[in-house]
Every structure is written in structure tokens, then in C-alpha cells.
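J.: Turn this into a structure:
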Amino acid sequence: MRKPGAVLTLIILTAIAAGIFVYPKGFGADWRPWRLGLDLVGGSHLIYQIDLKNVQGKDREAVVGGLRDVIERRVNLFGVGEPQVFVASQGEQSQLIVELAGVKEISEAIKQIGETPLLDFREVIQDATSTTFIPTSLTGRYVKGAELALNSTAQTPEVAISFNEEGATIFEELTGRNVGKPLAIFLDNALIEMPTVQQKISGGNAVITGKFTIREAQQLVERFNAGALPAPITLMNQQTISPNLGTDSLKKVIAAGIIGTLLVIAFMIFYYRLLGVFASLALIIYIALTLGVFKLGAFTLTLAGIAGFVLTIGMAVDANILIFERMKEELKRGLHRTAARTEGFRRAWPSIRDSNTSTIITAIILYFFTSSFVQGFALTLLIGVLVSMFSAITTTRFFLQVFLKDRKAN
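T.: Alright, predicted model coming up:
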């Protein structure tokens, strides 16, 4: 690169901005606060049992996804900040976990979450000043199911919905008197779609079209199935978690991270001298950038996640050690520093690539096949490894290009 100094300056300025941003009282505190998990700030932990024994296997994923979406929306309406709603297991007796960080009085939240979602259809009366929704007898209990389809002509996503025999009769009458008018679809009293009736529909099968993206159509299918299929949820367990233990553990983890970082820096400077200084500066930049990614991406930090990040601090200098050892070998062969640097990076890259790739694969497997606590560890480990490769390969290279002048080895 022709202007490594300019690029290095940009990286350093970005790291400084990230350092200010991640500080709790920095300029990013107001619009992007840290998201801390239940184990750090305390709150409420609810476990719901989802009964899927009456749901066909092909519909279970859509039903569970729809229920998760509905519960999260209900909690948000209650005003709970940053709820975590996820499925803990699959099968006929799946569990839905709701974590409400910072919420101590949970009786109203439990009431707001409620039980089975309610889907219903309403007629629409519109005038110049207002829109009125008239409830009908057509509800989710008459819906057999919904699925994603593609329009055969335009190849755009649409939603196919089917009713049982009784629902088909009600739907036929309802569409017959609303041709050319919109028909509103509500889930838990919230409007989710308002398609226009094109014609009277008989037979109990209908297609909802619109300017959907595939994800929007999938979400509508999930919501239909959640309100239609018999998948009741029952509160099985609730816990109020104190933040005291988490706060104490957080202080210890942060202290351990700081001490560990200082020890790594001391070792690198002692053993590699000037090269160690460059590696230490790259490490500090790595820490600032990684924390900036965590905060900007609104990741929820748990103790396990912070532990994963602290682990990557030690791993972040691994690549530098491989590069520096290769450079020392090339210098012993009599190469100039520039040539030794180039060879050091070139020869060390395969080892760096393979070792980091194996860690990335492990982190991905942990994230997709484990529970939430291990997922937090895996996510921070994955992000940390990716950013550390940048800091070790790119940032350190620029430091060496700018400050390591070309002269023969002694």
C-alpha cells in the first residue's frame, strides 16, 4: 500500500473514537447504551411450556416462531426494555424462555404476556376522517393453517391461508359483503395486515397478496399459524434474579481482563522489544474496536460473553508471535527488515489462517447448537477472532511499514 501512514492514522483515530464510544459516559451513552444480560443486571426469568401435541410436525416451526414473535411484541408493549425471548428446545413439549432484564415486579408482565395468541378478522369502515374496525365471528380457531407461496405470474411472495369447513362458510359470507373493501386481520388486537377483497371467496382457501418481502410473508405466515393452530403456552417457572452476584462477578471479570492485558503487553515488550511495542498497540486497538462492535451492534453482554472476549485478548497476539518468529528467522538469514517483514507475514499466514478458521468453526457450532449462555460466549469469541485477525495482520503490518525502517540486520 502506497500510503500506510494515512491508513494507520485512520485506524488509530477509529480506535480512539471507539474507545470513547464504549465508555459508559462517552458520547455514545445516550443513543446506544450497553445491553447487559439478566445475569449482570438482574430481572425476571420466565419459562413457558408450549404444547405442540396437536400440531403437525411440518407446522411446528412456524407455530413456535409465531408464538415467539407474539410474546416478544406483548412484552415490548408492556414497556420492558430489551427482552430476550427464545426457544429452549424442540418437540411436542418445547419451552419458550422469556428474560426481562431489570424487571423485578413481574406480575403485570406475566399478565401482559398472557396465554395463547388471538387472531381475528374485522370489517373496515372508512370515511374521510377515520377508520373503524368492526369485529366479526371469524377468528384464528377456524384457520387450518397458512403457508408461504409464490405468485405464478409475478414470482412475488404471497400468503396462502385455509379455513376449516365452518370457517369457510363464515369467510365466504364475509368476503361476499366486502368485495372491493379492505378486510383487517388482527393479532392480539394489533393490526398485522389489511388486504382488499377482490371477490367473494368460496371453498375456504384464500391468497393474501401485497408488496411483501419473503421475510415479511414468512412472518405473516408465522403469525397466522400462531393464532390459528392449537399451541397453548403455560407458565411453568418464574424466577427473580438479583443483580448483586452478577455485578460482583462483572467487576472481577473486568479486573481479570485488565490484568491479563497488561501481562500480555509486558511479555510482548520484554521478549520482542520494539516489535512487542507494535503488537501491544495493535492489541489496544483490537480491544477498542471489538468493544465498539459489541456496543454498536447492540449485542447483549452476559458473563459468559465477557469471558469469551477476555479469552480473545490472549489469543489476539498469537498471530503476531507467529509473524515475529518468522521475521527473526528471515533476519538471521541476512534479509533486510523490509524483506524479512514481507516474508514473515507471507510464511506465517497459512498457520494463522488455519488456526483461526478452526476457532471460527468451533464458535459457529457452539452458537447454533447450544443454549443461550454458551451462545453468548461463542458469539463474542467469533467476533473477537475476526477482529483480532484484522488487528494482527493489518494493523501490525501498517505499524511495521511506517516505523520499521529498511536496514540490514546486524
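J.: Where do the helices of the stretch 101-250 of the chain begin and end?
T.: For the stretch 101-250 of the chain, applying DSSP state H, counting those that start in this stretch gives helices covering 107-113, 165-176, 214-228, 244-272.
J.: for the residue nearest to Val179 when sequence neighbours are not counted, what are its contacts?
T.: Distance criterion CB to CB, 6 or more residues apart in numbering; nearest residue to Val179, sequence neighbours excluded, is Val197 at 5.4 Å. No exception for glycine: its C-beta is placed from N, CA and C like everyone else's. Counting by CB atoms under 8 Å, 6 or more residues apart in numbering, Val197 touches 175, 178-183.
J.: sorry, back to before: please tabulate the helices of the stretch 101-250 of the chain in JSON lines and include mean neighbour count as additional columns.
T.: Formatted as JSON lines, the helices of the stretch 101-250 of the chain follow (neighbours: other CB atoms under 10 Å):
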{"stretch": "helix 107-113", "mean neighbour count": "15"}
{"stretch": "helix 165-176", "mean neighbour count": "17"}
{"stretch": "helix 214-228", "mean neighbour count": "22"}
{"stretch": "helix 244-272", "mean neighbour count": "14"}
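J.: Would you mind giving those as TSV with distance to Asp318 and mean pLDDT added?
T.: Below are the helices of the stretch 101-250 of the chain laid out as TSV (distance: least, CB to CB, whole Å; pLDDT from 0 to 100):
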stretch	distance to Asp318	mean pLDDT
helix 107-113	45	68
helix 165-176	62	91
helix 214-228	39	76
helix 244-272	11	84
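J.: Out of the ones you listed, the one nearest Val293 is which?
T.: Closest to Val293 of the helices of the stretch 101-250 of the chain, according to CB to CB: helix 244-272, at 16.3 Å.
J.: So which elements touch the helix or strand that that closest one is followed by?
T.: Sequence order places helix 274-296 as the next helix or strand after helix 244-272, per DSSP states H and E. When contacts are defined as 3 or more CB pairs under 8 Å, 6 or more residues apart in numbering; DSSP states H and E, helix 274-296 sits against helix 4-22, helix 244-272, helix 303-315, helix 318-332, helix 372-390, helix 396-403.
J.: Would you mark the buried spots in helix 274-296?
T.: Across helix 274-296, burial judged by 16 or more other CB atoms under 10 Å covers 275-276, 278-295.
J.: ditto for stretch 129-140
T.: Within stretch 129-140, the residues that count as buried by 16+ other CB under 10 Å are 133, 136, 138-140.
J.: now it: mean pLDDT?
T.: Stretch 129-140 carries an average pLDDT of 88.
J.: Now it - C-alpha only, CSV.
T.: Below are the C-alpha coordinates for stretch 129-140, written out as CSV (Å, rounded to 0.1, in the frame of the first residue of the first chain):
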residue,chain,number,x,y,z
THR,A,129,-61.6,11.4,8.8
SER,A,130,-61.5,8.0,10.4
THR,A,131,-61.2,4.2,10.1
THR,A,132,-63.4,1.9,12.1
PHE,A,133,-62.9,-1.8,12.6
ILE,A,134,-65.9,-4.0,13.2
PRO,A,135,-65.3,-7.4,14.9
THR,A,136,-66.6,-10.5,13.2
SER,A,137,-67.1,-14.1,14.3
LEU,A,138,-64.1,-15.2,12.1
THR,A,139,-61.2,-15.9,14.5
GLY,A,140,-58.0,-18.0,14.5
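J.: which residues touch that stretch?
T.: 117-126, 167, 170-171, 174, 184, 186, 191, 224, 227-228.
J.: related to what we said a few turns ago, kindly indicate which of the buried residues of stretch 129-140 lies nearest Ser391.
T.: Minimum distance to Ser391 across these is 52.2 Å, recorded for Gly140 (CB to CB).
J.: Low-confidence regions, the stretch 1-150 of the chain specifically.
T.: Counting by pLDDT under 70, the stretch 1-150 of the chain shows low-confidence ranges at 1-2, 25-32, 54-56, 59, 73-74, 76-83, 89-93, 102-106, 108-109, 111-117.
J.: Repeat the analysis, applying 80 as the threshold.
T.: Applying pLDDT under 80 to the stretch 1-150 of the chain picks out residues 1-4, 23-44, 51-93, 99-119, 141.
J.: where exactly do the strands run in it?
T.: 35-36, 43-51, 84-87, 93-101, 119-126, 131-139, 143-150 (DSSP state E, counting those that start in this stretch).
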